[in-house]
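Asks: What follows is a predicted protein model with its sequence.
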Amino acid sequence: MPTVLITGASRGLGLELTRQYAAEGWNVLAVARDPDGATALRELAARHPTQVVPRRLDVTDHAAVDRAAFELRGTPIDVLINSAGTMGKGKFAELGLDFGKFGSSDFDDWMAVYRLNVMAPMKMAESFVQHVASSEQKKIVTLTSILGSIELNKIGGLYAYRASKAAVNAIMRSMAIDLGKHHGIAATALHPGWVRTDMGGPRADIDAPESAAGMRKVIAQLTLKNAGRYWMYDGSELPW
């Protein structure tokens, strides 16, 4: 069976992707900072003991990422999904545009947002590129946000989060070109929709199962020809 590595697998979309891939018979390397404290992930692993393997990893710790890649050497990874992400301190679901507004920038928080949303996907790709290249499917996907679209930004605000997602979009575009050419890897950015999770809040448009099912369909249809685009979970394409 194919293997998927999912970061941020302890909750939200990462957990739901883990659940759905396991239900489809995939082997899942479920990466989380604290898998022992992730009750839902541990229960899922108990139901699928031969498929779901929780792995402790802080993806912002670059040395730890390198160690994990070394420990998994020789393991083909068909799909690498960078799901872990953050909006930083506070919650947009509670504060709306008062969160991250102009004049309130916490630049230490900016660095934390960038380290997880931008640098971690790049580091994961660089450390695990050979694992993905040795697989049959050869795909790297990073969950982004519609808030990273410059063209669609009509309301302003959310500076750090928007900037981080625009940055990772640029990374995935370049990665699609470079890794497609040299390794046959299809890489892309994928917006999960506005989802009812801890980050998205209860007023969001869709629930996690719907989003994850849509994203899995987009990932299944990902090829070298349609890589490097700004996909939405429903298969539509967003403007940069």
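Replies: In hand now; what should we look at?

Asks: distance of Met172 from Ala189?
Replies: 4 Å (Cβ to Cβ, to the nearest Å). C-betas here are computed from N, CA, C, even on glycine.

Asks: Roughly how far does Ile177 sit from Lys138?
Replies: 15 Å.

Asks: can you pull out the helices in the chain?
Replies: When assigned using DSSP state H, the helices of the chain occupy the ranges 12-23, 39-47, 62-71, 92-95, 107-114, 120-133, 159-183, 208-220.

Asks: which of those sits most buried?
Replies: Using mean count of other Cβ atoms under 10 Å, the stretch among the helices of the chain with the largest mean neighbour count is helix 12-23, at a mean of 24.

Asks: Identify the residues contacting the residue nearest the centre of the chain.
Replies: By Cα atoms, centre = their mean, the chain has its centre lying nearest to Ser83, at 2.2 Å. The contact partners of Ser83, by Cβ atoms under 8 Å, 6 or more residues apart in numbering, come to 6-9, 12-14, 17, 143.

Asks: Likewise for Pro2?
Replies: With Cβ under 8 Å, 6+ apart, Pro2 has these contacts: 26-27, 78-79, 135-137.

Asks: rerun that using 6 Å as the cut-off
Replies: 26, 78 (Cβ atoms under 6 Å, 6 or more residues apart in numbering).

Asks: Against Ala167, how distant is it?
Replies: In this view, Pro2 and Ala167 are 30 Å apart by Cβ to Cβ.
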